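Visitor: Could you look at this predicted model? Sequence included:
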Amino acid sequence: MANVYTPPPRTMLEVYRGLPEGTLAQLINNQIFMSPALTSNHQIVLGKLFYQLYDFVERNNLGQVIMAPIDVYLNRENAFQPDIIFIANANLHNLKEDGFYGAPDLVIEILSPGTWRFDKEDKKDEYERSGVKEYWMVEPRDKTTEGFFLQNNEYQTLPSETGKIISQLLQLTITF
């Protein structure tokens, strides 16, 4: 039997795609960043947010809500694993077996001690450039929220309240 030559990966995206399934990692500005397991506070808040958002979207047949880990391929240099994404029915064609290609309609990131800077800076900027219509960051320890809504290709700050996400896109208030 002849040896089959497999060429090495040529891009960081190819290296990223070659990671074992379930690896907690993200490709941010063409660099791979590994993440530890989520904290208990993170997971509790994630569960509460996901349940309410999923229930609302399902009852109203608005699209699909997916919880991490799922790869969101924004471009060749950025493949994120947001905590929660909402994909409107009109964009479900971008959902593939190996992830979502393009900008989800809504993204929620729950901040972690080791990655909060990426969520607040690099990822926020990329979500804005890519066309994510609404982006929320949640601090799980004190339940503060920070939200943004895309208008004229720029993020505008949304009103925030502790323990609440007030989605302009979905006209929905989620409490946690």
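Guide: Sure, I can see it.
Visitor: Show me which positions of the lengthiest helix in the chain end up buried.
Guide: Assignment by DSSP state H gives helix 40-59 as the longest helix of the chain. Under the neighbour-count criterion of 16 or more other CB atoms under 10 Å, helix 40-59 has 42, 45-46, 49-50, 52-54, 56-57 buried. (Each C-beta comes from the backbone N, C-alpha and C, glycine too.)
Visitor: Could I get the full set of helices for the chain?
Guide: With DSSP H as the criterion, the chain has helices at 12-17, 40-59, 116-117, 123-130.
Visitor: could these be laid out in CSV, adding mean pLDDT and distance to Ile70?
Guide: Formatted as CSV, these follow (pLDDT from 0 to 100; distance: least, CB to CB, whole Å):
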stretch, mean pLDDT, distance to Ile70
helix 12-17, 90, 14
helix 40-59, 97, 12
helix 116-117, 86, 20
helix 123-130, 97, 15
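Visitor: so which of those gets nearest Ile66?
Guide: helix 40-59 (8.9 Å; CB to CB).
Visitor: which ones are touching Lys133?
Guide: 103, 105-106, 149-150, 169 (CB atoms under 8 Å, 6 or more residues apart in numbering).
Visitor: tell me which strands and helices the longest helix of the chain is in contact with?
Guide: Contact here means 3 or more CB pairs under 8 Å, 6 or more residues apart in numbering; DSSP states H and E; on that basis helix 40-59 packs against strand 63-67, strand 84-88, strand 106-110, strand 172-175.
Visitor: So which of these is the most surrounded?
Guide: Highest mean neighbour count of those: strand 106-110, a mean of 26 (counted as mean count of other CB atoms under 10 Å).
Visitor: Parallel or antiparallel, list what pairs with it.
Guide: Sheet pairing of strand 106-110 (DSSP bridges) gives strand 84-88 (antiparallel), strand 134-139 (parallel).
Visitor: got those as JSON lines, with mean pLDDT and distance to Glu97 columns?
Guide: Listed next are the strands paired with strand 106-110 as JSON lines, based on pLDDT from 0 to 100; distance: least, CB to CB, whole Å:
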{"stretch": "strand 84-88", "mean pLDDT": "98", "distance to Glu97": "14"}
{"stretch": "strand 134-139", "mean pLDDT": "97", "distance to Glu97": "25"}
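Visitor: The closest residue to Gly18 other than its chain neighbours: neighbouring residues, count only.
Guide: Counting by CB to CB, 6 or more residues apart in numbering, Pro9 is the residue found nearest to Gly18 once chain neighbours are left out, at 5.9 Å. Neighbourhood size, Pro9 [other CB atoms under 10 Å]: 12.
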